[in-house]
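> Below are the sequence and a predicted model; questions follow.
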Amino acid sequence: MLQNSALDEAQRQYTHNIINSSYNLLGIISDILDFSKIEAGKLELSPTRTDIIELVEHATDIIKVKTSRKNLELLLNISPDIPRFAIIDPLRLNQILINLLSNAEKFTEEGEIELKVRHEMTDADHANITFHVRDTGIGISDKMQKKLFRAFSQLDSSTTRKYGGTGLGLVISNHLASLMNSQINISSESDVGSVFSFSINCRVEGKQYCDHVLTNTKKVMLVDDNQSCRNIMKRCLNYWKIDVLECENAHAALELLGDGCDSDVIIVDYNMPEMDGLEFIRKLKQDALIDIKEVPIVLMHSSGEDPLLQSGCRELGIRYRFLKPVKAYDLHETLVSIETKDENLGYWDKQKKVKIRMSEIDFIESPSILIAEDNRLNMILLKEMILKLAPKAQIWQATDGLEAIDEVRK
């Protein structure tokens, strides 16, 4: 909250240093505690039925703020047909993934970071699930790779000074992988990037996606300057029997649409060079290249806190959006809501005595919002976040369910 308030440059730097130092100290303490358990032989796994999709999505959410600040493309690449549930230790698997993703973010200044998950069934109920964390960072030479899994070891002293850390993260992660009968492998090249990977064999069940079959969406135009992101989305869309027309920038998409190219849905990224997603949609409306009511437009974006994004969506009437990294489930549900025209979503208008569908709801600049929360700090944070997105919002507060009911009755 303090960092996002009105600060001068010096104050902002001090705040940034305090936050980073706090995270570093917390990481050091956590690493030392886990390492002491390893040394004492008391670090054990607790396998349980786990939603594997939710787990990897949570891992990317953890580092999304940092990658957004560095303008890195964060990619989540999950095989569309992967079983949804697995018998694993979610806490320790999550620890490995967050460590690998955090390292990737730490050592990458530009480009992209990808978490890829693939599986291979070994019998009817078991699968080898492989996790790959790829980055376009500084890379690691063959000589330096031999030091990676030594306790309290960094690549060199300059690395410690520049990036911090204890050198325990990979050691702990590799030990956790060994408890899962696996090991962390590395493929890397200096100044090109790295790929860390490991596989676990476990019992699995269930499928990832809901039962709704997409029947009306036959072709999607995908506009995004990042090739890797387009590849991931295309893989999912093709799996659902949807053809994909790729465009690497807004100008290419406008040219195709101007030539009469048709599609059922247009999915466009907000953050693109030369012409961003909002400018692209504004141009579509100005030139009347398509009927937006007939061809829905979906906007992808990395952060919902951009005030220009919020005002632009209100101005252009953009109702379909989802956050990056693209999650297959979000993509699928967005297409479902477009096909069904949000038939099951909406609210009951007491005065008109009709159900108002989500697709018919206009953006509300001055909403009335009720927050029911008994934790004072959470209440403060929620109010700050809401007022950032909707500065004119009227907020009602309740500390429990009974108070919330009383507020609604008023």
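Ah, there it is.

> count of residues packed around the spatially closest residue to residue 111 that is not a sequence neighbour?
Closest residue to residue 111 apart from its sequence neighbours, by C-beta to C-beta, 6 or more residues apart in numbering: residue 136 at 3.0 Å. C-betas here are computed from N, CA, C, even on glycine. Number of residues near residue 136 (other C-beta atoms under 10 Å) recorded here: 21.

> Equivalent analysis for residue 252, please.
Counted with other C-beta under 10 Å, residue 252 comes out at 13.

> following the helix or strand containing it, which helix or strand comes up?
Taking DSSP states H and E as the criterion, residue 252 maps to helix 250-258. Proceeding N to C from helix 250-258, the next assigned helix or strand is strand 265-269, under DSSP H and E.

> Can you name every helix or strand that the regular element (helix or strand) spanning residue 408 contacts?
Using DSSP H and E, residue 408 falls within helix 401-409. If contacts are counted by 3 or more C-beta pairs under 8 Å, 6 or more residues apart in numbering; DSSP states H and E, helix 401-409 sits against strand 368-372, strand 394-398.

> can you put the ones you listed in CSV and add mean neighbour count, mean pLDDT and distance to residue 48?
Output for the helices and strands packed on helix 401-409, formatted as CSV (neighbours: other C-beta atoms under 10 Å; pLDDT from 0 to 100; distance: least, C-beta to C-beta, whole Å):
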stretch, mean neighbour count, mean pLDDT, distance to residue 48
strand 368-372, 14, 91, 30
strand 394-398, 14, 91, 34
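
> still on that earlier bit, got a list of contacts for the helix holding residue 252?
For helix 250-258, the surrounding residues in contact (C-beta atoms under 8 Å, 6 or more residues apart in numbering) are 221, 223, 245, 247, 266, 268, 272, 274-277, 279-280, 283-284, 287, 289-290.

> how does it look with 10 Å?
Applying C-beta atoms under 10 Å, 6 or more residues apart in numbering, the external contacts of helix 250-258 come out as 221-225, 245-247, 249, 261-263, 266, 268-269, 272-277, 279-281, 283-284, 287, 289-290, 295.

> Among the residues you listed, the buried ones, what's the ChimeraX command?
Buried subset of the contacts of helix 250-258, written as a ChimeraX selection, criterion 16 or more other C-beta atoms under 10 Å:
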select :221,222,223,224,225,245,246,247,249,263,266,268,269,272,275,276,277,280,281,283,284,289,290,295
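
> In strands, which of the contacts of helix 250-258 appear?
221-223, 245-247, 266, 268-269 (DSSP state E).

> ok, back up a step: pipe the helices and strands packed on helix 401-409 into TSV and attach distance to residue 64 per row.
Shown next, in TSV, are the helices and strands packed on helix 401-409 (distance: least, C-beta to C-beta, whole Å):
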stretch	distance to residue 64
strand 368-372	24
strand 394-398	26
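
> Out of these, the one nearest residue 204 is which?
Taking C-beta to C-beta, strand 368-372 is the member of the helices and strands packed on helix 401-409 nearest to residue 204, at 37.6 Å.

> so that closest one versus helix 401-409, what angle?
Strand 368-372 runs at 170 degrees relative to helix 401-409, counting by axes from the mean of the first three to the mean of the last three C-alpha atoms, to 10 degrees.

> which strands and helices sit next to strand 368-372?
Other helices and strands packing on strand 368-372, by 3 or more C-beta pairs under 10 Å, 6 or more residues apart in numbering; DSSP states H and E, are helix 376-389, strand 394-398, helix 401-409.

> Helix or strand with the lowest mean pLDDT in this protein?
Between all helices and strands in the chain, the lowest mean by mean pLDDT, DSSP states H and E belongs to strand 346-349, at a mean of 47.

> okay if I get the helices and strands packed on strand 368-372 as JSON lines plus distance to residue 39?
Listed next are the helices and strands packed on strand 368-372 as JSON lines, based on distance: least, C-beta to C-beta, whole Å:
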{"stretch": "helix 376-389", "distance to residue 39": "36"}
{"stretch": "strand 394-398", "distance to residue 39": "49"}
{"stretch": "helix 401-409", "distance to residue 39": "47"}
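
> hey, least reliable of the ones you listed by pLDDT?
With a mean of 85, helix 376-389 has the lowest mean pLDDT of the helices and strands packed on strand 368-372.

> Can you tell me the SS state at the residue nearest in space to the middle of the chain?
Per C-alpha atoms, centre = their mean, the C-alpha nearest to the average position across the chain is that of residue 325, at 3.8 Å. At residue 325 the chain is in coil, as set by DSSP: H, G, I helix; E, B strand; the rest coil.

> top helix in this protein by residue count?
If you go by DSSP state H, the chain has its longest helix at helix 9-40.

> list the buried ones in the helix or strand just after that helix?
With elements assigned by DSSP H and E, the helix or strand that comes after helix 9-40 is strand 48-51. The neighbour-count criterion (16+ other C-beta under 10 Å) identifies residue 50 as the buried residues of strand 48-51.

> quick revisit: ok, the residue nearest to the centre of the chain touching residue 73?
Yes. Contact status for residue 325 versus residue 73: in contact at 8.2 Å, counting by C-beta atoms under 10 Å.

> Give me the residue ranges of this protein where confidence is low.
For the chain, applying pLDDT under 70 flags the ranges 1-5, 16-17, 20-21, 23-24, 27-28, 151-167, 207-212, 304-305, 342-365.

> tell me the domain ranges of it?
Split into domains by automatic domain parsing, the chain comes to 44-205, 219-345, 368-409.

> now those in TSV, with distance to residue 12?
TSV is the format used below for the domains of the chain (distance: least, C-beta to C-beta, whole Å):
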stretch	distance to residue 12
domain 44-205	12
domain 219-345	16
domain 368-409	17
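
> Brilliant, that's me finished.
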